[in-house]
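Novice: here is a sequence together with a model predicted from it:
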Amino acid sequence: MAGYRIGIDVGGTFTDVVGIAADGTQTLAKAASTPEDQSLGVVQGLRNLAAALGLELGALLAQTDRIVHGTTVATNALLERKGAKVWLLTTEGHRDVIEMREGLKPERYDLRLPPPEPLVPRHRRLPIRERLRADGSVAIPLDRASVEAAVARLKAEGAEAVAIAFLHAWAAPKHEHEVAAAIAAALPGATVTCSADVLPQIKEFERFSTTAVNAYVGPVVSRYLARLAGRLEEAGYPGPLFVILSHGGVAPVEEAARLAVGTALSGPAGGVAAAVALAQQGMGADLVTFDMGGTSTDIALVVGGEAALGRGRTVGGERIALESLDIVTLGAGGGSIAHLGPGGTLQVGPQSAGAVPGPACYGNGGTEPTVTDANLVLGTLDPGAFLGGARRLDRAAAEAAVGRLAGQLGLGLLDCAAGIHALVNARMADGVRVATVRRGVDPRDSALLAFGGAAGLHATAVARELGLRRATVPLFAAGLSAWGMLHTDLRYELAQSAVGATGIPEDAALRTLFDALERDGRARMAGWYAGEVAIRRSADMRYGEQVFEIAVPLDGIDWAGPDLAGQLRAAFHARHRALFTYDLPEEEVVLVNARIAVIGRLPGHPPAARTEAAPAAPLGTRPVRLEGASAELPVWRFESLAPDQRIAGPAIVESATTTVLLRPGDAARMDGRGWLDIAVG
């Protein structure tokens, strides 16, 4: 009988696999990530899930309705510079846009800062004689001779990936599409990406860069997804494979391969999707997500039950201007390496031991002290209970690794471990400030939603650093990103620049613009989904004298009513006032980009019914170094806690896949909906 949904999140250290049965029962399994081929770790995680359910892998997959996957393949390709060898064809005279960028340096006062290395070196940027005007009309016709010369060069070089980005192609894609057809005919196996298909918007550098990134990661992502789909098919999976994209929605695997740049924040997006789902289930409308895994920590905001979206993200030094969840990522996780910095000071990260060799305590050959090693030395981790006892941690190896660093610092073993723990907490608190305070949001009004395998040990300390009064840790904390992927919907985004002679087009032109986008979006969604769809309209707008625009939701607009342009102006003024505390009603308002999101609601399962149970008793006690002193802390089994059961800190609450440290003054309550609700002391 079919009925399972499976979410898969590939992290830097572990691959998390969550299965939800038709009755809402949830099961989590983990496997070591396999960076050389993520699909191997995915299949092993599925095997482990099947074993946990008492099934063979083929039997589980035969009963599975859909699989949703979050992947870091594109992210890793950018960070490690292991993408395709990209060629760029662009309008004659504009081949250096991608290198000149926006004329700004990341560190403007560093006179010795070298310029960023362009993703496409100059000798692989080929000029094409053509030019369109900003209204899409032809200023210089497409020169066939220059196209033929470029295609001949690409063929001679055996080009694997080609990006095409012409001036003003956002207004009319005809020249780009003609050149793409010529390249496809000459090099049928090459990945060809047109800027008009990736980002039909003004701002040449953002469009050129996003297109180049898509071409750069496209072959890598396509090969990986094809390999994964093949392995799943061989294992007996007959259903659809979806990939979560950077904006938090999911798309079929074919769309993810076409718009590979949209997977650059695929993995972290699952955690934010989970936060939105938990907000809707009653955890709270305002949440700060704190996703601490083995390699990094991802932080995002959910305000009023909605996740914050943004554009202009930089991944691996490359600008990606697609709409994406606003996530701050830090090089701080359980595998972050503690080391001596300049002047002999203690530093933690951003270097990570990763999945291989991993922390010293994993016994895989790692010798560098990590945050996980420090936690084991402090006693907050049980060496015999890691991954439910499937892997025993080597305390002696952790003590040896931390001890070597302690000797260099002139500290005792426990003091050094405590310093590592405190320093990584401070770094992560700073990351939350970047995601909140610097965006004009007071985090003290929100709850800290802690998840990822390592977050529970650090959640209340980070909350204290920030003045937050509440933290929550779901029972499924270690696999919450994978769980979140099963609580999101199909989503297709479209955008079109609309800058013209007037600030906002007349009503008829506005309706035509948005209606055309909606028709295109519905047509694309019809190929994926047969049900009813929801439409979200928005716009990027600014005052006439501003150089940046803001995103303005248009959900409350009466599209059939009078003075449509006036309604958009009023919506912009209100949004500007909400963001910056003021508006300028006398100033001209400019519509820059029109946007449509087409959403196909995927069916869900009801939450599993929780049976009433008697309050659990502690499993025992464990010696822990806490607040500069050693103490025997009671240890509680997370899965055994009854709804509404309360625990006073200091204490440890541990499950098969995560451990929560309650500090003195903390008071925790097990919520009947599946999370530990902590009042931070």
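Specialist: Okay, I see it.

Novice: switch to C-alpha atoms for all contacts and neighbour counts from now on
Specialist: Fine.

Novice: now Val302, which residues is it bridged with?
Specialist: Val302 forms beta bridges with Leu287, Ala307, as assigned by DSSP bridges.

Novice: show me what contacts it?
Specialist: Residues near Val302 by C-alpha atoms under 8 Å, 6 or more residues apart in numbering: 272, 275-276, 285-289, 308.

Novice: please repeat the previous calculation with a cut-off of 10 Å.
Specialist: By C-alpha atoms under 10 Å, 6 or more residues apart in numbering, the contact set of Val302 is 272-273, 275-276, 279, 284-289, 308-309, 326, 446-447.

Novice: try Ala171
Specialist: Contacts of Ala171 (C-alpha under 10 Å, 6+ apart): 132-137, 196, 200-202, 496-499.

Novice: keep only those of these that are in strands.
Specialist: Here DSSP state E is the test, and the contacts of Ala171 give 132, 496-497 as lying in strands.

Novice: most neighbours out of the residues you listed, which is it?
Specialist: Leu132 (23 neighbours; other C-alpha atoms under 10 Å).

Novice: pLDDT score for that residue?
Specialist: pLDDT recorded at Leu132 is 95.

Novice: these two touch, right, it and Thr90?
Specialist: No - between Leu132 and Thr90 there is no contact under C-alpha atoms under 10 Å: 11.9 Å.

Novice: list residues touching both of those two?
Specialist: The contact lists of Leu132 and Thr90 share 166-167, where a contact means C-alpha under 10 Å, 6+ apart.

Novice: about what we covered before: Leu259: which of the ones in strands among the contacts of Ala171 is nearest?
Specialist: Checking the ones in strands among the contacts of Ala171 against Leu259 by C-alpha to C-alpha gives Gln496 as the nearest, at 16.7 Å.

Novice: contacting residues for the closest one?
Specialist: Contacts of Gln496 by C-alpha under 10 Å, 6+ apart are 170-171, 196, 199-202, 513-514, 517, 539, 592-596.

Novice: which of those residues lies closest to Pro252?
Specialist: Ile596 (18.6 Å).

Novice: break the protein into its domains for me.
Specialist: As given by automatic domain parsing, the domain ranges for the chain are 82-214, 490-600.

Novice: looking at those, which is closest to Ser640?
Specialist: domain 490-600 (35.4 Å).

Novice: the closest one: end-to-end distance?
Specialist: 5 Å (C-alpha to C-alpha, to the nearest Å).

Novice: just stretch 473-480 next, same as before
Specialist: 10 Å.

Novice: so which bits of that stretch are buried?
Specialist: Across stretch 473-480, burial judged by 16 or more other C-alpha atoms under 10 Å covers 473-480.

Novice: any chance of the residues you listed in TSV with distance to Thr263 as columns?
Specialist: Output for those, formatted as TSV (distance: C-alpha to C-alpha, whole Å):
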residue	distance to Thr263
Val473	27
Pro474	26
Leu475	27
Phe476	24
Ala477	23
Ala478	21
Gly479	19
Leu480	19
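
Novice: okay, and which of these map to helices?
Specialist: In this view, the buried residues of stretch 473-480 that belong to helices under DSSP state H are Leu480.

Novice: now the two most distant members of the buried residues of stretch 473-480.
Specialist: Val473 and Gly479 (11.6 Å).

Novice: got any residues that touch both of the two?
Specialist: Contacts common to Val473 and Gly479, judged by C-alpha under 10 Å, 6+ apart, are 451-452, 658.

Novice: could I get those residues as TSV with secondary structure?
Specialist: Shown next, in TSV, are the shared contacts of Val473 and Gly479 (DSSP: H, G, I helix; E, B strand; the rest coil):
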residue	secondary structure
Phe451	strand
Gly452	coil
Thr658	coil
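
Novice: any chance of those residues in TSV, with neighbour count too?
Specialist: Formatted as TSV, these follow (neighbours: other C-alpha atoms under 10 Å):
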residue	neighbour count
Phe451	29
Gly452	29
Thr658	27
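
Novice: adding distance to Ala21 and pLDDT, write the residues you listed out as a markdown table.
Specialist: Formatted as a markdown table, the shared contacts of Val473 and Gly479 follow (distance: C-alpha to C-alpha, whole Å; pLDDT from 0 to 100):
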| residue | distance to Ala21 | pLDDT |
| --- | --- | --- |
| Phe451 | 22 | 93 |
| Gly452 | 22 | 87 |
| Thr658 | 22 | 88 |
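
Novice: residues in contact with the helix or strand bottoming out on mean pLDDT in the chain?
Specialist: Scoring the helices and strands of the chain by mean pLDDT, DSSP states H and E places strand 309-310 at the bottom, with a mean of 76. Contact partners of strand 309-310, identified using C-alpha under 10 Å, 6+ apart, comprise 246-248, 300-302, 321-327, 550-551.

Novice: on that earlier part again, please identify the most buried of the domains of the chain.
Specialist: domain 82-214 (a mean of 18; mean count of other C-alpha atoms under 10 Å).

Novice: the helices in the stretch 201-350 of the chain, which residues?
Specialist: Assigned by DSSP state H, counting those that start in this stretch, the stretch 201-350 of the chain shows helices spanning 204-235, 253-258, 266-280.
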